[in-house]
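1. What follows is a predicted structure for the sequence shown.
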Amino acid sequence: MGIFARLAALIKSNINDLISKAEDPIKMLDQAVIDMANQLIEAKKQVAIAIADEKRLAKQAEGEAAKAAEWERRAMMAVRAGDDALAMEALQRKKEHDALATTFKDQWTKQKKQVDQLKMALRVLNSKIEEAKRKKQMLKAQYQRAQATKHIQETLAGLKESNALETFARMEERIQQVEAEAEAATEMAEETGDTLAHRFDRMEVQVGAEDDLVTLKQRMGIIPPPEAPPPQPEAVRVDAGVPSPADELTELTQKEQEELATALAELEEQEQAQQARMKR
């Protein structure tokens, strides 16, 4: 292979490679559909011309047949008039129009056959164009999916090559370290503070919760209510100049005495519960 042939092949291959890289499948498909639509328009024009020629030939054949019939009528009229020579001339003209009518009819038959073939080809072309349009949408969707997949794979490859993932891992480790330091600081603050006060605070919270639980169970009827204290014997009133506290108690009404007894019972129950908690 000569140097010029090799150079031509090299130039041609480079040009083809540039063209292939510059081709956009979406635009190429759209342009192909546009080209086929233009071809369909031109084919319709050609078919329309062929149909017009067919109709023109049919009208010409009908016209010549009508003229032949007219000259035959004239020949008959000349025969009735007794002019055979004129009748023969009319028959001669009739033959000429019959020949033309036959010629136009033959051409019309051939033209009609061709028009039928063109119509069939036009329908096939139209079907192919509609199929190409549907296929174009499918190919466009397929190309877009492929482009999206390619873009995702390139992005993942870029993430693997970059230090973004390493940065995330390092920051996660740092955050966990900060959380551990915060928990350690909280624990140290609890250990170095007033531990005795903390213990009593926790105990009071626990005791309050237990008392609330007992009260709730009593209200729900799960455990019996606290027993009322036994009634106190009435004090003997001694008449004296100065009234004693017992005299004041005897002077209370029955309702006030019951309220006082209930209060004393509750106070005694609280003291017993407090002593029980202290024993724990």
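-> Sure, I can see it.

2. Just the mean pLDDT for the host helix or strand of T262, thanks.
-> Using DSSP states H and E, T262 sits within helix 254-279. Mean pLDDT, taken over the full extent of helix 254-279, equals 71.

3. Can you show me the strands along the stretch 101-250 of the chain?
-> When assigned using DSSP state E, counting those that start in this stretch, the stretch 101-250 of the chain turns out to have no strands.

4. surely K119 meets A48?
-> No - with contact taken as Cβ atoms under 8 Å, K119 and A48 are classed as non-touching, separated by 10.6 Å. (Each C-beta comes from the backbone N, C-alpha and C, glycine too.)

5. so how far is K217 from the residue nearest to E64 when sequence neighbours are not counted?
-> For E64, ignoring the flanking residues on the chain, the nearest one in space by Cβ to Cβ, 6 or more residues apart in numbering is A101 at 3.6 Å. A101 sits at a distance of 123 Å from K217 (criterion: Cβ to Cβ, to the nearest Å).

6. ok, those two, which is more surrounded?
-> Set side by side, A101 and K217 give different neighbour counts by other Cβ atoms under 10 Å, the larger being at A101 (20 against 12).

7. For the more buried one, list the residues it contacts.
-> The contact partners of A101, taken as Cβ atoms under 8 Å, 6 or more residues apart in numbering, are 61-62, 64-65, 67-68.

8. can I get those in TSV with pLDDT, neighbour count and distance to T167?
-> TSV is the format used below for those (pLDDT from 0 to 100; neighbours: other Cβ atoms under 10 Å; distance: Cβ to Cβ, whole Å):
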residue	pLDDT	neighbour count	distance to T167
A61	91	20	90
E62	92	14	91
E64	91	20	95
A65	92	17	96
K67	92	17	99
A68	92	20	101
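
9. Including secondary structure and distance to G221, could the residues you listed go into JSON lines?
-> Conversion of the contacts of A101 to JSON lines gives the following (DSSP: H, G, I helix; E, B strand; the rest coil; distance: Cβ to Cβ, whole Å):
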{"residue": "A61", "secondary structure": "helix", "distance to G221": "117"}
{"residue": "E62", "secondary structure": "helix", "distance to G221": "116"}
{"residue": "E64", "secondary structure": "helix", "distance to G221": "123"}
{"residue": "A65", "secondary structure": "helix", "distance to G221": "121"}
{"residue": "K67", "secondary structure": "helix", "distance to G221": "126"}
{"residue": "A68", "secondary structure": "helix", "distance to G221": "126"}
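
10. State which helix of this structure is the longest.
-> Looking only at the chain and at elements set by DSSP state H, the helix with the highest residue count is helix 84-161.

11. Break the chain down into its structural domains.
-> Dividing the chain into domains by automatic domain parsing, as the record does, gives the ranges 22-162, 163-193.

12. Of the ones you listed, which is nearest L213?
-> Distances from L213 to each of these were compared using Cβ to Cβ; the shortest belongs to domain 163-193, at 26.7 Å.

13. tell me the mean pLDDT over the closest one?
-> Domain 163-193 shows a mean pLDDT of 75.

14. May I see the buried residues of it?
-> Within domain 163-193, no residue qualifies as buried by neighbour count (16 or more other Cβ atoms under 10 Å).

15. for stretch 86-97, same thing?
-> For stretch 86-97, the buried set under the neighbour-count rule, 16+ other Cβ under 10 Å, comprises 87, 90-91, 93-94, 97.

16. now stretch 101-115
-> Neighbour-count burial for stretch 101-115, counted by 16+ other Cβ under 10 Å, picks out 101, 104-105, 107-108, 111-112, 115.

17. ok, now stretch 46-64?
-> For stretch 46-64, the neighbour count (16+ other Cβ under 10 Å) marks 47, 50, 53-54, 57-58, 60-61, 64 as buried.

18. Return the subset of those residues lying in helices.
-> Filtering the buried residues of stretch 46-64 for membership in helices, criterion DSSP H, returns 47, 50, 53-54, 57-58, 60-61, 64.

19. which regions of the stretch 1-150 of the chain sit below the pLDDT cut-off?
-> Within the stretch 1-150 of the chain, the stretches with pLDDT under 70 are 1-23.

20. try 50
-> Applying pLDDT under 50 to the stretch 1-150 of the chain picks out no residues at all.

21. Let me see the contact set for E266.
-> P226.
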